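1. how would this look folded up:
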Amino acid sequence: MNDKIIGFSDLGPATSKSVAELYAIYLDPAYIGKGIGSSLFRICVATAKQRGFQRMTLTVLSANFPARMFYEHMQGRALPETEIEINTGGTRAKVIAYEWPDLSAVRTEGRTPDSRFS
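-> Numbering: from 1, shown residues only. Alright, predicted model coming up:
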């Protein structure tokens, strides 16, 4: 078996006790479209539900259109009023927040119908 890491996700509490934050989700580009990204996301949602969180948020670079399409496909809602500019190691970039206001309505099983966003 190949022990190569092809992706990961990281989830924890946000500023509110009832809100989870998806800190990171990453997938090796060679594995995009195989359902792994969707699985990582669904595991995060299931974990958040198990821990008693009712909502979930994340922040993504505004210019990261493939990620934004993925999050929207996963039922995330972009919050345009949250788009802000940040400094990252001397570079300026805009980020935007996404939310899932009701985790009980988010699927945690199966594969998404459109594997382009997996």
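
2. Please go through this protein and pick out the longest strand.
-> strand 77-88 (DSSP state E).

3. can you pull the buried residues of that one?
-> Buried residues in strand 77-88, counted by 16 or more other Cβ atoms under 10 Å: residue 78. In short, each C-beta sits where N, CA and C put it, glycine included.

4. Can you give the contact residues for it?
-> Outside strand 77-88, the residues within contact range by Cβ atoms under 8 Å, 6 or more residues apart in numbering are 59, 62, 68, 71-72, 92-101.

5. Heading C-terminal from the least confident helix or strand in the chain by mean pLDDT, find the next helix or strand.
-> Within the chain, no helix or strand scores below strand 77-88, which has a mean of 87 by mean pLDDT, DSSP states H and E. Downstream of strand 77-88, the first helix or strand assigned by DSSP states H and E is strand 91-100.
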